[in-house]
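Undergrad: Coordinates for the following, if possible.
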Amino acid sequence: MDSDDDLIDGVLTFEAETAGVHIAVQSYFLSEQSAPEEGQYVWAYRIKITNKGDVPVKLLNRHWIITDGIGGIHEVQGEGVVGEQPLISPGDSFLYTSGTPLSTPTGFMRGSYEMRRADGQTFDVEIPAFSLDSPHTSLDIN
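TA: Below is the predicted model:
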């Protein structure tokens with residue numbers, strides 16, 4: 001069930017954990033925002049960041065590596081996510097949805113978040129690689 005405070009049931013979830021911070025990612029194709037005949041494909045991705053540690057962590061920056069279906073790479077770096085730099089208490093989660101366009105009907109994303117603990121220590125948290133698949137391509141597994 002889709003709700004504002006959790007991931008979507010039945011959608012493939014990619015997960016990773018670094019230094020007590022758990023990342024769960026889901027992506028889905030947005031056909032209503034895409035124009036395949038013009039080479040425009042758009043995906044949304046939903047990310048849940050859970051602090052499994054025992055001290056608060058603050059998300060400072062993001063770094064994305066976006067690879068399209070023909071191997072083109074685009075990097076995105078910036079402060080926070082969706083205009084926020086959330087402070088996540090132990091046991092709490094922060095969920096957000098964002099999106100990305102591609103000129104190919106498939107691709108993938110991966111990246112990292114720079115986080116800071118309450119004591120000022122910064123560290124990078126892995127965002128696992130996740131696929132961007134549209135119904136406009138056939139997936140051949142070799």
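
Undergrad: so what's residue 23 up against?
TA: 15-17, 47-50, 113, 125-128 (C-beta atoms under 8 Å, 6 or more residues apart in numbering). Where you see a C-beta, it was placed from the backbone N, CA and C, and this is true even at glycine.

Undergrad: which of the residues you listed count as buried?
TA: 16, 47-50, 113, 125, 127 (16 or more other C-beta atoms under 10 Å).

Undergrad: For the closest residue to residue 22 other than its chain neighbours, list the residues it contacts.
TA: Nearest residue to residue 22, sequence neighbours excluded (C-beta to C-beta, 6 or more residues apart in numbering): residue 50, at 4.3 Å. By C-beta under 8 Å, 6+ apart, the contact set of residue 50 is 21-24, 88, 92-93.

Undergrad: circling back to that earlier point, closest to residue 28 out of the buried ones among the contacts of residue 23?
TA: Distance to residue 28, by C-beta to C-beta, is smallest for residue 47 among the buried ones among the contacts of residue 23, at 12.6 Å.

Undergrad: ranges for the strands of this protein?
TA: 14-18, 21-29, 41-51, 57-68, 73-79, 87-88, 93-102, 106-117, 122-133 (DSSP state E).
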